[in-house]
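*Asks:* predicted model follows, preceded by the sequence.
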Amino acid sequence: MRKGLSHSIYWLLVAALAGCTGTTVRPSNTQQVVPKSHTVAVISEITAKDELWHNFTIEMRREFISELTTSQAFTQVLDSATSPGSNVLIFNGQIIEVDKGSAAARWIVGFGAGRAHITADFQLTDSNGTSLGTYSVRKTYAGGAGIGGAGFLDMDDLAQKLGKEAADSLAEWAKTGKFAAR
């Protein structure tokens, strides 16, 4: 009985700390290109529409590069603006929207009220500058477990999660030729 109770409490704690996040990935104008021909990914530029969001670009970029490298969808992932060779995929992104939401609304109302979110647009080009496609990723955070709850994630955490989702989407495209809309 005691072991079962502590196991249940453990999983409740894990669920509470996880909070309620959501992801939306929207591909657009993706051209029919054989992604396997692109073996090197160059992370050229990740910017922010508003200068105040610059720190979020750093967090997002760091997580993006780490996740894309781990995925092994490309033989190399380079963090530079140089584009050696013809088998290169150049990746650019821009954070276009940041809303910290309302911690009070998340706590008191719950059910998604006061939700925080970060949205970014991404462009893929080859070494000649030809567009291979674009996609958008939106990461939201609605607070802790239950109806409402304390905030367990801050905006830097949300930016990291956005970077992970953007990398996962790109890795899926590199392996299958399609972005999965979520």
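*Replies:* Sure, I can see it.

*Asks:* need the per-residue pLDDT for residue 65.
*Replies:* pLDDT, residue 65: 94.

*Asks:* for it, give me its contacts.
*Replies:* Contacts for residue 65 were tallied using C-beta atoms under 8 Å, 6 or more residues apart in numbering; they are 43, 77, 79, 167. C-betas here are computed from N, CA, C, even on glycine.

*Asks:* hey, what's residue 41 bridged with?
*Replies:* Note on residue 41: beta-bridge partners by DSSP bridges are residue 77, residue 89.

*Asks:* any idea how far residue 60 is from it?
*Replies:* Counting by C-beta to C-beta, to the nearest Å, the gap from residue 41 to residue 60 is 15 Å.

*Asks:* do the same with residue 166
*Replies:* 7 Å.

*Asks:* who touches both of these two?
*Replies:* Shared contacts of residue 166 and residue 60, counting by C-beta under 8 Å, 6+ apart, come down to 93, 120.

*Asks:* related to what we said a few turns ago, more neighbours: residue 41 and residue 60, which one.
*Replies:* residue 60 (30 against 27; other C-beta atoms under 10 Å).

*Asks:* which residues does that one contact?
*Replies:* 46, 93, 95, 118, 120, 159-160, 162-163, 166 are the contacts of residue 60 under C-beta under 8 Å, 6+ apart.

*Asks:* out of those residues, which are inside helices?
*Replies:* 159-160, 162-163, 166 (DSSP state H).

*Asks:* going by distance to residue 135, which of those wins?
*Replies:* Among the ones in helices among the contacts of residue 60, residue 166 lies closest to residue 135 (C-beta to C-beta), at 8.1 Å.
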